[in-house]
Structures are given as C-alpha cells and as structure tokens.
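**Student:** I'll drop the sequence and a predicted model, then ask my questions.
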Number of protein chains: 2
Amino acid sequence: MIEKEKTPVCEFCFINNPIFKNLTNDEADVLSYVKNCNSYKKGEIIYNERTKVHGVYCVNSGIVKHYKTGNDGKEQIIRFSKKGDIFGFRSILSEDLACTTTKVIEDCTVCIIPSSHFIKLVKENSGFSMSVIKLSCVELGHANQYILDIAQKNVKERLAEILLLLNENFGINKNGELNIFLTREELAGIVGTATESVIRLLSELKKENIIDLDKRKIKLLDIKKLKNISELG
Amino acid sequence: MIEKEKTPVCEFCFINNPIFKNLTNDEADVLSYVKNCNSYKKGEIIYNERTKVHGVYCVNSGIVKHYKTGNDGKEQIIRFSKKGDIFGFRSILSEDLACTTTKVIEDCTVCIIPSSHFIKLVKENSGFSMSVIKLSCVELGHANQYILDIAQKNVKERLAEILLLLNENFGINKNGELNIFLTREELAGIVGTATESVIRLLSELKKENIIDLDKRKIKLLDIKKLKNISELG
DNA sequence: CGGGCAGTTGACCCCGCTCAAGCGCGGTGG
DNA sequence: CCACCGCGCTTGAGCGGGGTCAACTGCCCG
C-alpha cells in the first residue's frame, strides 16, 4: 500500500504513461532519485502563465487544469492533466515562459523532474525523445482541431463535443457519471462561452434526455445524439 | 545563379532554417541526395487533410497555406509556410494522417524528405531532434494562444492581430505593403469570420487611417494603433 | 460579348453575451 | 441554534455583434 503524503513510486506513472517505457533501468532509477514531489490542494496554483517553469511535472494522482487568462480576466481552459500525464515540457523545450496557468481542480500529488535532467534524457535517449516529440505533435493536432471548432461551430455543438471529450479522457464512475466535476464556469471556460450559456444549454440537453444532471455530476445518456450534435457545424 | 525548375540547393534552406544547422556535413550531403523536389503552381494542393503524408516538406520558394475544412466546407487557415519553413512533420512524428490541407498561394518549389529518413535523423542526431521538438513546442504555444484569441476577442481585435502577425512573418516590400497577398475570403479564413465582416472591418481601419488598401495589397500605416486594437479584448 | 469570380454594400435577424434578480446551500460567527 | 453572508447556479429581459442573404460592381479571361 502506498500511503498518501509519501513520495509516490515512479512505477505508478511508468505504467500510465508510455513515454517512460523508453527509459533503461538505470535511467529510471536516476529519475526516481532526482525527482521532487509535492502535494497540492484544490484551488492551489502550481505555476502561473508568463513565469518560468522549473521542471517537467508528472501527475501521480488528482487533476489539474491548464488555462490562459484573457485581458478581461476570463479563463480559457486549454486542457487537463491527470494520473500519469506530464506537463510543463512545452515551456521547457521551447525555452519559453509558461503559456498557461496550472491550477489544481482535484487534490493531487505531482513529481517534478528538473528541467536540466529532462533535457538530458531527451538528448541522450532517442526513444524517449521520440515519445516526447510525438506527445507534443499529438497535442498540436488537438489544438489545431480546437481552433477549427471554436471558429466554426456554435456553442451547443462545442458543448456536446467537450462532454464527449471529457468522457473519453476521464471516463465514468459506477453511477455512469463523468469522473470529473467542473463548475459551470469552468465548463464555460473550456467551451469558450459565457457561464449562463452553458447553464441554458445543459438544461436543454437534459430536457432532450441526452444527458442527466445532478449538481456537478453529469451523466451522458445518449452518446450517439451528442455525436450528432457535435458534428453538425 | 540558381535556375528555376532545377533542383534547389539545400544550402539555401539551411541558411533560413536553424534546425538544419545541427546536421553534420555528411548528414547534409546525404539529405541533399535523398530529397525529392517539386514545383507547384498557385492553387495546387500538396496534400489533403486526412490523407497520409509521405515526407517532411521544406519550402525553397513561394508560400503555402495550411487549413482545415469545416463541416460546411469553410476553410480555417491554421498557418502559412514560406522559404525555409518545414511542414508535414507533425503528421509524420505523431504517426497520424494530415490534420490540414496544404495549398499553394504563391508559386513554390519544395523539397520532400522521405519520412523514414527524417525520422532517422531525429533519432540519430540529438541536436536536430531538439530543434524539431522546439519547433513543435513553439507551434503548440502559438496554437494555444490562438485558441484564447478566437474564444475571447471580437472580430476586429483578431483582424488587427492577424495583420500584425502577417507583418512579422512576411514583412513588407519597398512600397510598405505586406509581402503576402490574400483574398478577403482567405483573410476571413484566418480570422475565423465571414468574408463580408473582413471587408467591412478593413474599410473601417482604412477610414481610421490605420491601414491603406489597394486591392489585395495592404499597407500598415499605424502599427501602434493596431496593437492597441488587438489588445483590447 | 458574356460568364464567373472577387469584392462591396445594405438589410435583416438570430445567437449568444451582458446585466440583473432571485434561489439554494454551506460555512462562519454571534 | 439561528442569522447572515457569499458563492455557485438559474432564469429572464434586452440588445448588439456579426453571420447570412441578396444585389450590384468591376475585372479578368475565354
């Protein structure tokens, strides 16, 4: 049994994230040794946009959101990271400041791989480097897709798509509810719309028996109809 | 003198694109040998989204646009490539189909590096691989920024921003006009709006003495005001 | 000369944003 | 224990940004 508050065992993340499969046993041991660990409570900020990121983060448990803040202070959520996901590497590898703020939405434990060590691994282990490149290229593909969606789809179509994406990424619990619990404001921050619009459209989807709502718990009742809606635009 | 229609000399691109600086002389020679070259006329499609890409392309001259097509057939332009830029690597490295269609907007000559050779270089030359990672991470940063912009800025703010970006990427000719000549429809496809809206806003900017227009030639008269407009949102 | 395409302009109207008010609930302090 | 407050959620009203449609122009090219 792993106890909370103790340093998480890397093997846990190695199972969840294929990029670590490329490490030799020696490299894995060194990584376990040089990493730092930290626990964060819901609401805490791990780093702020436009600040320097000091390492690559690996999520051992919990969920964080990555968002950009608009000039009027409104959050645009770009993506989430959960168990096994790494983040911060974009900033490290492009030698740039963070382009998003990272905030905890579900208590989490993360490990921090110092930048220099991460870069060393990328340089020395071509399998690892290929995995990191692939990761960043896949993310780039997602970002491009979202540019299209947000430019051409209407709010209802985007909301339907986001619900499907959350379903894919976080799955459902035994009651059939999405395993991520967002405020209406956060949902609006993903979809790129106003909170009130999300509320109206969610209750519209509920009326149409496509989803069920219980506070922040969302149950997807009719995936096929959601797909139809999201593909209209 | 390099004649048109003849195989371009790689050194030309090596000067324009820092990723090639990492190649050894031997690697550069081999690259020159294995590459293929092609000329395309304005309007030609180099590859279509959702098809397999067979290599990484390097632009020797001309300009291409990369766009995604919405369900209603409308183009969303994601970015451009010009002299020295490479494209197609996202698809190759994420082992995915093309996520954009690539179409020529100014007659161009491009060289094609076979996928297998490009991947070999990435695996064997860590400096090259770091450059490619960096490139993809920088692009990812741009894409994230554009998600924020398109979600939160209004059309005029986005148009101003795009004009500034075109200025940065393509510069101006001796008459002070942007060195890229887009149709109103293409401009709309970048900004993510309707053609008519672009037309109205361009003539608004002209009335305000911020830009000057002569058919597809655009002169930026007041960069500072453009910046102000683009940063309002 | 005629067809077609890019560009332009006006009219219309709807999606979705904003503002305001009210509700429910949990936490805090008297 | 209750009162109060604040936050998240909900709903309604109103309106304006910008998308759509239609008509017209100018221009290129066959």
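**Tutor:** That came through, no problem.
**Student:** Quick check on the residue nearest in space to the middle of chain A: phi, psi?
**Tutor:** Nearest residue to the geometric centre of chain A (Cα atoms, centre = their mean): A:F80, 1.5 Å. Main-chain torsions, A:F80, degrees, to the nearest 10: phi -120, psi 160.
**Student:** how much space between it and A:V64?
**Tutor:** Distance of A:F80 to A:V64, computed by Cβ to Cβ, to the nearest Å: 7 Å. No exception for glycine: its C-beta is placed from N, CA and C like everyone else's.
**Student:** Between those two, which contacts overlap?
**Tutor:** A:I105 (Cβ atoms under 8 Å, 6 or more residues apart in numbering or on different chains).
**Student:** which residues of chain A score low on pLDDT?
**Tutor:** The model of chain A has pLDDT under 70 over residues A:1-6, A:233.
**Student:** Who is the residue nearest to the centre of chain A paired with across the strands?
**Tutor:** A:K65 (DSSP bridges).
**Student:** quick check: longest helix of chain A.
**Tutor:** Looking across chain A with DSSP state H, the single longest helix is helix A:126-152.
**Student:** so what does the helix or strand following that helix touch, helix or strand wise?
**Tutor:** For helix A:126-152, the following helix or strand on the C-terminal side (DSSP states H and E) is helix A:155-170. Judged by 3 or more Cβ pairs under 8 Å, 6 or more residues apart in numbering or on different chains; DSSP states H and E, helix A:155-170 is in contact with strand A:75-82, helix A:126-152, helix A:184-191, helix A:195-207, strand A:217-220, helix A:223-231.
**Student:** helix, strand or coil for the residue nearest to A:K82 when sequence neighbours are not counted?
**Tutor:** Of all residues not flanking A:K82 in the chain, A:I63 sits nearest, at 5.0 Å (Cβ to Cβ, 6 or more residues apart in numbering or on different chains). Assigned with DSSP: H, G, I helix; E, B strand; the rest coil, A:I63 falls in the strand class.
**Student:** A:I63: how many residues sit nearby?
**Tutor:** 22 (other Cβ atoms under 10 Å in any protein chain shown).
**Student:** dump the residue contacts of it.
**Tutor:** A:F80, A:S81, A:K82, A:V104, A:I105, A:E106, A:C108, A:F170, A:I180.
**Student:** Show me which of those residues are buried.
**Tutor:** By neighbour count, with 16 or more other Cβ atoms under 10 Å in any protein chain shown, the contacts of A:I63 hold A:F80, A:S81, A:K82, A:V104, A:I105, A:E106, A:C108, A:I180 as buried.
**Student:** As a markdown table, those residues with distance to A:T69 would be great.
**Tutor:** Putting those into a markdown table (distance: Cβ to Cβ, whole Å) gives the following:
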| residue | distance to A:T69 |
| --- | --- |
| A:F80 | 17 |
| A:S81 | 18 |
| A:K82 | 22 |
| A:V104 | 16 |
| A:I105 | 16 |
| A:E106 | 21 |
| A:C108 | 21 |
| A:I180 | 21 |
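**Student:** between those residues, which is nearest DNA strand C?
**Tutor:** Closest approach between the buried ones among the contacts of A:I63 and DNA strand C, by Cβ to the nearest atom of the strand: A:E106, at 16.5 Å.
**Student:** distance of that closest one from chain B?
**Tutor:** For A:E106, the distance to chain B equals 22 Å [Cβ to the nearest Cβ, to the nearest Å].
**Student:** Give me the sheet partners of the helix or strand where that residue lies and which way each runs.
**Tutor:** Applying DSSP H and E as the criterion places A:E106 in strand A:101-114. When pairing is defined by DSSP bridges, strand A:101-114 lines up against strand A:36-40 (antiparallel), strand A:45-47 (antiparallel), strand A:55-69 (antiparallel).
**Student:** Can you say which of the ones you listed is nearest to DNA strand D?
**Tutor:** Smallest distance to DNA strand D across these (Cβ to the nearest atom of the strand): 13.8 Å, for strand A:55-69.
**Student:** and the angle for the closest one with helix A:155-170?
**Tutor:** Angle between the axes of strand A:55-69 and helix A:155-170 is 160 degrees (criterion: axes from the mean of the first three to the mean of the last three Cα atoms, to 10 degrees).
**Student:** Output strand A:55-69 as CSV, nothing but the C-alphas.
**Tutor:** Output in CSV follows, covering the C-alpha atoms of strand A:55-69 (Å, rounded to 0.1, in the frame of the first residue of the first chain):
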residue,chain,number,x,y,z
GLY,A,55,10.8,21.4,-14.4
VAL,A,56,8.5,18.9,-16.1
TYR,A,57,5.7,17.8,-13.9
CYS,A,58,4.2,14.3,-13.7
VAL,A,59,0.8,13.8,-12.1
ASN,A,60,0.7,10.9,-9.7
SER,A,61,-2.9,11.5,-8.6
GLY,A,62,-5.6,14.2,-8.9
ILE,A,63,-6.4,16.5,-11.7
VAL,A,64,-5.1,19.9,-12.8
LYS,A,65,-6.4,22.4,-15.4
HIS,A,66,-4.2,24.4,-17.7
TYR,A,67,-5.8,27.8,-18.7
LYS,A,68,-4.9,31.1,-20.3
THR,A,69,-6.3,34.3,-18.9
